[in-house]
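>>> Here is the input, now give the coordinates:
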Amino acid sequence: MVDRQNRVGSKFGGGGVSSAQQSERERKERLRELALETIDLAKDPYLMRNHLGTYECKLCLTLHTNEANYLSHTQGKKHQAGLARRAAMEAKLARQKDGSDVMMPMRSVTQTSRSQTKVKIGRPGYEVSKSRDPETNARCLTFELHYPELDDARNRQPRHRFMSAYEQRVETPPDGSYQYLLVACDPYETVGFKVPNEKIHRGEGKFVTNWDVEAKVFTLTLHFLDGVPTKN
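I've put the predicted structure just below:
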């Protein structure tokens, strides 16, 4: 137990001088208690509980272990600054909405019709094939995706990226022995492929992508560096 009675600068019978860390903890505790009395977490639009049982602030994109930690965060500078920016943005949008832009209703209708068209396309057709490198015997995967209804194919090439098992929210608990290859091409839905979480060969001719503009077919071929796991 800490002896505060005989610390330097303390007065006899006064319980000692609190440290800066102790004062900070007490300040945060007072703020938390005040927030609990004034804030209804059930109505907080920025609080979200994820599948891991922790809490997320959707405004600041931060993680918190419990409600008390989240409440402490809401009293901080980062969250308050985010609220101020959000209020300013909403006020600006409200002014624009009340303006005399006669084209805005037409744009809104056009954007809505476009978004509805995008949703109707759905997922692209795809094929996945496995093979072996004839020289190294390394495992190879080839992904072929078809976008037959894509407009302006010359300016809309599909994009891809790899995502770790801990980023996704579909499979729980996440399995670190796998990773996901995502391929996106608006207005089609993004497609994800579950592949082994191992090192991928990035050398010449070992990781190849091709976009056939005429056929509207995207092809990606990758080679694994067998036996070398990837760190998440």
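
>>> partners of the helix or strand where residue 220 lies in the sheet?
Using DSSP states H and E, residue 220 sits in strand 217-229. With DSSP bridges as the test, strand 217-229 is paired with strand 139-146 (antiparallel), strand 198-201 (antiparallel), strand 207-212 (antiparallel).

>>> Now do that strand, average pLDDT.
Strand 217-229 comes out with an average pLDDT of 83.

>>> repeat for stretch 184-198
What stretch 184-198 shows for mean pLDDT is 91.

>>> and stretch 91-100, how far out from the chain's middle?
Using CA atoms, centre = their mean, to the nearest Å, the mean C-alpha position of stretch 91-100 is found 30 Å from that of the whole chain.

>>> any low-confidence regions in the protein?
1-18, 32, 35-39, 98-120, 227-232 (pLDDT under 70).

>>> 80 - rerun?
1-19, 27-42, 51-52, 68, 96-121, 226-232 (pLDDT under 80).

>>> Helices of that one, residue ranges please.
Assigned by DSSP state H, the helices in the chain fall at 20-38, 67-74, 77-97, 104-121.

>>> Could you find the residue nearest the spatial middle of the chain?
residue 167 (7.0 Å; CA atoms, centre = their mean).

>>> Distance-wise, check that one relative to residue 220.
Distance, residue 167 to residue 220, by CB to CB, to the nearest Å: 19 Å. Placement of C-beta: from N, CA and C, glycine included.

>>> One more: residue 174?
23 Å.

>>> for residue 42, same thing?
With CB to CB as the criterion, residue 42 and residue 220 are 45 Å apart.

>>> what do you get for residue 136?
19 Å.

>>> Those two: who's more crowded?
Taking neighbours as other CB atoms under 10 Å, residue 136 and residue 220 compare with residue 220 leading, 19 against 13.

>>> Was I right to think the more buried one contacts residue 160?
Yes. In this structure, residue 220 is within contact of residue 160 by CB atoms under 8 Å, at 6.2 Å.

>>> residues bridging contact with the two, i.e. touching both?
181, 183, 209 (CB atoms under 8 Å, 6 or more residues apart in numbering).

>>> and the last one, bridged to which residues?
This points to residue 209. If you apply DSSP bridges, the partners that residue 209 bridges to are residue 220.

>>> again, but for the second one
When assigned by DSSP bridges, residue 183 has beta-bridge partners residue 160, residue 191.

>>> Who are the contact partners of it?
By CB under 8 Å, 6+ apart, the contact set of residue 183 is 143, 145, 158, 159, 160, 190, 191, 192, 193, 218, 220.

>>> Next: the last one.
Residues counted as contacts of residue 209 (CB under 8 Å, 6+ apart) are 160, 218, 219, 220, 221.

>>> what about the third one, neighbour count?
Burial measure for residue 219: 16 neighbouring residues, criterion other CB under 10 Å.

>>> Does it touch residue 158 like I think?
No. Checked against CB under 8 Å, the pair residue 219 and residue 158 is beyond contact range at 9.9 Å.

>>> hang on, the earlier thing: from the contacts of residue 183, list just the buried residues.
When those are checked for burial by 16 or more other CB atoms under 10 Å, the buried set is 143, 145, 158, 160, 191, 193, 218, 220.
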